[in-house]
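A.B. asks: Output the structure for:
(chains A and B)
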Amino acid sequence: MKLSTRLLNLLTAIGCFAIAGVSIAYFLINEKFEWIPESALELVREKELVERPDAKRCSECHKDIYEAWKDSRHSISWTSKTFIEASENRTKEKCLACHIPESVTGEKPSPRLDRRDEGIYCVSCHFVNGKMNGPYDLVAPPHPTHRNPDYVNSKFCGSCHQKTFKEWKETGVDDTCQNCHMPRTKSRLTQKLPLSLLHKKKWVGNHKFLHGDITEKDILIEAEFKERFFNFSLLNKTVPHGVPTADNGDPRLYLYITFLNAAEEQIDQAKWILAPQQETALPFNKKMEFRYRLFDPVAQANIVLKYQPAWSKEKDMVWEKTFRP
Amino acid sequence: MHIIRILSLLIAITTIVGQPVQAKDMVIKEPPKSLAKFYPPLSEQPKWTQQMHKLSTHFGGVFINLKEKDFENVDKHADKLVEEYKKTSEMVPEWEEYFDIKAAEAFAAAAKTHDMAKAGKASGGLGKTCGKCHAEHQVAVWTKYHWPSFHKIKVIDPASEKEVDFHKFMKQISGSFKAMRVNFGEGQYGRAAKALRAFKSEYMELKSTCSKCHTTDDVKRFYVGGDASKAFEGLTKELNAEKPNPGNFWKNVGLVGKTGCKNCHLTHRTSSMIKEVWEEK
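C.D. replies: As a prediction, this is how the structure comes out:
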């Protein structure tokens, strides 16, 4: 046999072994990880991962999830300017627990002492009893994992979003917080080779914890002029918690009405503030009635709805409407 | 140093060691500067309070174990008490003279005889040092480190949508309340109705302030809860009526003033007044 042929055969053999090896590894990791002995896993474990490292450390593998989280309000729950202001430079004892949680387990957490600038980070939400808890039954060579079905339940978020959770529960709607605020896409949990190839694609929840949008399909209005009054109603048709909703933040909807006469001159104006802290937020699927007394004849009412998040002093337009008698 | 002389409060301070000093006038002095490093934001935790828990655990531990005749632990707690007491005495130099290390050592020695009567007797001297400091400083420390400041709270003025200081807002709401009453008294019902709108929207803004210090909505049953809502409904009803009924109107004014303004002042303003004196410097 020629040398080149021999070499080719050797390479083919190595290639076959490699493919077989990778296939076996792929098969083991994705289908039969319970066959992998604990002692083998011990060899590849990275010890610092179970010593409450910062989020950056997790990003070495979970890059996409990290970047989404970095862009979320959870990552700045401690450094947020508006939080620092409201908590009197973070001295109010009652204000720490949910903004720098040690560990989330379905109850109100307790505040932690280390790495406070990380806010609500990977370790807060996933590290319980020495393992990375998550929604999947899987094997992660670098660190121990534990499947906990609570990760896809609203109760998990309700550990801190206590008031919103209560509102949600009362609606009886099936959609969970995660369904709307952490929508899933089929993708990889890790972005580091070769791990990312060895693990099958899975559903990954969006760790940006999307804020959610409202339009005129979500907040409906009906209005009529009757005798000396302008009567109108607002209905939160789609969002299964108050709009807005909050625990200690103060998000608001501002509803402005300007009343014009036949010459299109402004003759009166009114304003409503719809805010959870004032107990005037719009509950799910319940019409809220409002009444405004008019003193002069009105030809037109222009209504504008604006929204201001808890962490901002700016308002965004939701919709505009005009009504005539 | 600023002192509130006028404030002579009858406050029963009952700690497990009891024995506050008998005094007719209570003086509330601003806590010493060097205490600050044992409270947030300079410290991550309220270290002074935690130190107090240690003292009280070991003090109490001596007696509990004496009762249980667990003498090994009696000795341990007695030693720990002296050690922590010494440590505490070095934390705040301005307070050094409140500590009597000899009294602590005498108590520990008495405890180690394992004779309950002796330990009880010797505890008096040590307990007195705790009680004296508590009587003179505990209220001040509560006010300084456990009461958040109303002076740092901003309220959104519902008309201009700008943030204003809390005390300015109080003056404003007080003005709207008055405007409504005066106009009603003069029979200017239209103007009274407009003043009520301003007053009510300002009152609703007050509700937004509770969550800057409180983490449960339960507190909103008070001052800004059902009683106030009913009173506002009553006021609105009268002012929307063709012929308002003065009796109903004034009854509801009284309700807002009492259950709303006055009761909240009684619970929240005392600490604010003390803080104000300290902040004036």
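A.B. asks: For residue 116, which residues are in contact?
C.D. replies: Going with chain A. Residue A:116 makes contact with A:78, A:100, B:44 under the criterion CB atoms under 8 Å, 6 or more residues apart in numbering or on different chains. All C-beta atoms are positioned from the backbone trio N, CA, C, and that covers glycine.
A.B. asks: ah, I was thinking of chain B
C.D. replies: By CB under 8 Å, 6+ apart, the residues touching residue B:116 are B:63, B:66, B:67.
A.B. asks: how about these in CSV, adding pLDDT, distance to residue A:83 and neighbour count?
C.D. replies: Putting the contacts of residue B:116 into CSV (pLDDT from 0 to 100; distance: CB to CB, whole Å; neighbours: other CB atoms under 10 Å in any protein chain shown) gives the following:
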residue, pLDDT, distance to residue A:83, neighbour count
B:63, 97, 44, 17
B:66, 96, 49, 20
B:67, 95, 48, 10
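A.B. asks: ok so, going back, list only buried entries from the contacts of residue A:116.
C.D. replies: A:78, A:100 (16 or more other CB atoms under 10 Å in any protein chain shown).
A.B. asks: show me the contacts for residue A:85.
C.D. replies: residue B:154.
A.B. asks: what's the helix or strand for it?
C.D. replies: Using DSSP states H and E, residue A:85 falls within helix A:81-86.
A.B. asks: could you point out which element follows that helix?
C.D. replies: Beyond helix A:81-86 on the C-terminal side, the first helix or strand identified by DSSP H and E is helix A:122-126.
A.B. asks: List the contacts of that next one.
C.D. replies: Taking CB under 8 Å, 6+ apart as the rule, helix A:122-126 contacts A:52-53, A:55, A:58, A:62, A:66, A:69, A:100-104, A:109, A:112, A:118, A:132-134.
A.B. asks: Beyond that helix, next helix or strand please.
C.D. replies: strand A:127-128.
A.B. asks: Go ahead and name everything in contact with the helix or strand following that next one.
C.D. replies: The helix or strand immediately downstream of strand A:127-128 is strand A:131-134, counting by DSSP H and E. Strand A:131-134 is contacted by residues A:49, A:50, A:126, A:127, A:140, A:143, A:144, A:145, A:146, A:147, A:148, A:151 when judged by CB under 8 Å, 6+ apart.
A.B. asks: What of stretch A:276-290?
C.D. replies: Against stretch A:276-290 from outside (CB under 8 Å, 6+ apart): A:163, A:167, A:171, A:173, A:219, A:231-237, A:239-246, A:250-251, A:253, A:272-275, B:204-205, B:207-208, B:210-211, B:220.
A.B. asks: What number of residues are in the vicinity of whichever residue of the stretch 151-300 of chain A sits closest to chain B?
C.D. replies: Chain B sits closest to residue A:277 of the stretch 151-300 of chain A, with a gap of 4.1 Å, by CB to the nearest CB. When neighbours are defined as other CB atoms under 10 Å in any protein chain shown, residue A:277 has 27 of them.
A.B. asks: Weed out the non-buried ones from the contacts of helix A:122-126.
C.D. replies: Among these, those classed as buried by 16+ other CB under 10 Å are A:52-53, A:55, A:58, A:62, A:66, A:69, A:100-104, A:109, A:112, A:118, A:132-134.
A.B. asks: quick one: the helices in the chain?
C.D. replies: Chain wasn't specified; assuming chain A. A:3-30, A:38-44, A:55-59, A:63-70, A:81-86, A:122-126, A:154-158, A:162-171, A:177-181, A:195-198 (DSSP state H).
A.B. asks: The chain in question should be chain B.
C.D. replies: For chain B, applying DSSP H gives helices covering B:47-68, B:71-89, B:101-112, B:116-141, B:166-185, B:189-210, B:226-240, B:246-255, B:263-279.
A.B. asks: Averaged pLDDT, the shortest one. What do you get?
C.D. replies: Taken as a whole, helix B:246-255 carries a mean pLDDT of 96.
A.B. asks: quick one: contacts of that helix?
C.D. replies: When contacts are defined by CB under 8 Å, 6+ apart, helix B:246-255 is touched by residues B:180-181, B:184, B:227-228, B:230-232, B:234-235, B:237-239.
A.B. asks: Could you identify the most distant pair in these?
C.D. replies: Farthest pair in those (CB to CB) is B:184 and B:227. Separation: 20.4 Å.
A.B. asks: The two: which is more packed in?
C.D. replies: residue B:184 (23 against 17).
A.B. asks: Just the pLDDT for that one.
C.D. replies: pLDDT, residue B:184: 96.
A.B. asks: Count residues in the vicinity of the spatially closest residue to it that is not a sequence neighbour, would you?
C.D. replies: Nearest non-adjacent residue to residue B:184, counting by CB to CB, 6 or more residues apart in numbering or on different chains: residue B:192, 4.2 Å away. Counted by other CB under 10 Å, the residues lying close to residue B:192 total 23.
A.B. asks: tell me the contacts of residue B:192?
C.D. replies: Each residue near residue B:192 by CB under 8 Å, 6+ apart is listed here: B:180, B:183, B:184, B:239.
A.B. asks: Buried subset of those residues as a PyMOL selection?
C.D. replies: One line in PyMOL is enough to select the buried members of the contacts of residue B:192, burial here meaning 16+ other CB under 10 Å:
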select buried, chain B and resi 180+183+184+239
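A.B. asks: Need the contacts of residue B:192 in TSV (columns: distance to residue B:85).
C.D. replies: As requested, the contacts of residue B:192 are arranged in TSV below (distance: CB to CB, whole Å):
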residue	distance to residue B:85
B:180	59
B:183	65
B:184	64
B:239	65
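A.B. asks: what two of the contacts of residue B:192 are the furthest from one another?
C.D. replies: Greatest spacing in the contacts of residue B:192, by CB to CB: B:183 and B:239 (9.8 Å).
A.B. asks: so how many other residues sit close to the closest residue in space to residue B:152 that isn't next to it in sequence?
C.D. replies: Spatial nearest neighbour of residue B:152, chain neighbours left out: residue A:88 (5.3 Å); criterion: CB to CB, 6+ apart. Counted with other CB under 10 Å, residues neighbouring residue A:88 total 18.
A.B. asks: Next up, the contacts around residue A:88.
C.D. replies: By CB under 8 Å, 6+ apart, the contact set of residue A:88 is B:148, B:149, B:152.
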